[in-house]
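Participant: sequence and predicted structure below; questions after.
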Amino acid sequence: MAGTATEDGPSRVGRLYDTYGVALYRYAVMLLADRTAAEDAVQQVFAALLRPRGDLHHEARYLRRAVRNECYSMLRTRMAHPPATTDETFLEARTGADVAPADRIALARALGRLPPEQREVVHLHAFEGWTFQEIADASEASINTVAARYRYALAKLRRELTGS
Amino acid sequence: MHQTEIEHLLRQVQPVAPPSRLRARVIGARGNRQAWPWVVAASVLLSLTWALGSATTRLAAQRAATPDPTVQILEDLAERLGNDEAAYRMATRVLAEQQLRREVDDE
């Protein structure tokens, strides 16, 4: 969906944020395993949209890719300067779900220890319901790589959660 | 714990939603962030321009208020020599020779 030709920067950003902001933030939270960093990433992406530019075609795809790039850029910086603390509160229970807070925190801690590429696949497949092929297309990886990342991620989560 | 149980647990949760302040931050922050360096730069430039203009005006006023001693000497000398055009020429030549002599002596 593309914006209207008469939209100014703030109006367009408001509309785009209202449409895609929540999903993009959740995506950034999973990539970064850090709520504060996710806020920074999303803000950076939307701030770039306020500068004069032509209409965005394929807004959803553009925004997701921009957030992805921003997150991986932040992760590269973080490799050089690791944060002193980790965020273990970036998961919430879905509506109607019966999950103990301790389990939620343990799962967040385990997810935080996964490589970001594996967290990304878990997010898109388990949380957003994408197929492996769709994830492969979006991340420019082969479907076998994507499936392997998901498999490794679940195996590591099982080890982290059961201690075996 | 099997893979299906892990997947079941994953289906129970989701990443947290953004805080409500993020929308305001996304829409409002950019304007300030982009504008403030320009505002500061413009203020500094304006202050510098004003200070320079003010100093120049003050210097010009000081110069205008203080008579040049050389001109005063020239006029005195020309008056004593007759106070006409030839006297001015003669006084100018005398002062120029004195100036030349001082420069030679200094060297």
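Facilitator: Thanks, I have it.
Participant: walk me through the domains of chain A.
Facilitator: Using automatic domain parsing, the domain parsing of chain A gives A:1-87, A:89-164.
Participant: sorry, that was for chain B
Facilitator: B:20-66, B:67-107.
Participant: let's have the domains of chain A in JSON lines, adding mean neighbour count and mean pLDDT.
Facilitator: No exception for glycine: its C-beta is placed from N, CA and C like everyone else's. Listed next are those as JSON lines, based on neighbours: other C-beta atoms under 10 Å in any protein chain shown; pLDDT from 0 to 100:
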{"stretch": "domain A:1-87", "mean neighbour count": "17", "mean pLDDT": "85"}
{"stretch": "domain A:89-164", "mean neighbour count": "17", "mean pLDDT": "93"}
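Participant: which one of these lies closest to B:G82?
Facilitator: domain A:1-87 (77.3 Å; C-beta to C-beta).
Participant: helix or strand right after whichever helix or strand A:R64 is part of?
Facilitator: Assessed by DSSP states H and E, A:R64 sits inside helix A:59-80. Sequence-wise, the next helix or strand downstream of helix A:59-80 (DSSP H and E) is strand A:91-93.
Participant: direction included, what does that next one pair up with?
Facilitator: strand B:13-15 (antiparallel) (DSSP bridges).
Participant: tell me the average confidence for the strand it pairs with?
Facilitator: Here strand B:13-15 scores 94 as its mean pLDDT.
Participant: identify the residues contacting it?
Facilitator: A:25-27, A:29-30, A:90-94, A:97, A:99, A:104, A:107, A:123, A:127 (C-beta atoms under 8 Å, 6 or more residues apart in numbering or on different chains).
Participant: residue nearest the middle of chain A, spatially speaking?
Facilitator: In chain A, the centroid-proximal residue (C-alpha atoms, centre = their mean) is A:Y27; its distance is 2.0 Å.
Participant: how far does the host helix or strand of it sit from the chain's center?
Facilitator: Element membership for A:Y27 (DSSP H and E) is helix A:9-32. Distance of helix A:9-32 from the chain centroid (C-alpha atoms, centre = their mean, to the nearest Å) equals 11 Å.
Participant: just stretch B:68-86 next, same as before
Facilitator: 41 Å.
Participant: same check on stretch A:124-140?
Facilitator: That offset, for stretch A:124-140, works out to 12 Å (C-alpha atoms, centre = their mean).
Participant: just the pLDDT for B:P67.
Facilitator: Predicted confidence (pLDDT) for B:P67: 67.
Participant: could you check the angle helix A:59-80 makes with the helix holding A:Y27?
Facilitator: 50 degrees (axes from the mean of the first three to the mean of the last three C-alpha atoms, to 10 degrees).
Participant: ok, the most centrally placed residue in chain B to B:A42 distance?
Facilitator: The centroid of chain B falls nearest to B:L48 when counting by C-alpha atoms, centre = their mean (3.3 Å). Computed as C-beta to C-beta, to the nearest Å, the B:L48 to B:A42 distance reads 11 Å.
Participant: with B:Q12 instead?
Facilitator: B:Q12 is 55 Å from B:A42, by C-beta to C-beta.
Participant: residues of chain B that sit close to chain A?
Facilitator: B:1-3, B:6-7, B:9-19, B:22-23, B:25-27, B:29-31, B:33 (C-beta under 8 Å from any C-beta of the partner chain).
Participant: any of those residues buried? List them.
Facilitator: B:6, B:9-10, B:12-16, B:18, B:22-23, B:25-27, B:29-30 (16 or more other C-beta atoms under 10 Å in any protein chain shown).
Participant: any idea how far B:A17 is from B:R23?
Facilitator: 11 Å.
Participant: three-state assignment of A:A97?
Facilitator: Put simply, A:A97 is coil when judged by DSSP: H, G, I helix; E, B strand; the rest coil.
Participant: residues contacting the closest residue to it other than its chain neighbours?
Facilitator: Closest residue to A:A97 apart from its sequence neighbours, by C-beta to C-beta, 6 or more residues apart in numbering or on different chains: B:Q12 at 4.0 Å. If you count contacts by C-beta under 8 Å, 6+ apart, B:Q12 has them with A:A93, A:R94, A:A97, A:D98, A:V99.
Participant: how close does the fourth one sit to chain B?
Facilitator: Okay, so that is A:D98. Per C-beta to the nearest C-beta, to the nearest Å, A:D98 is found 7 Å from chain B.
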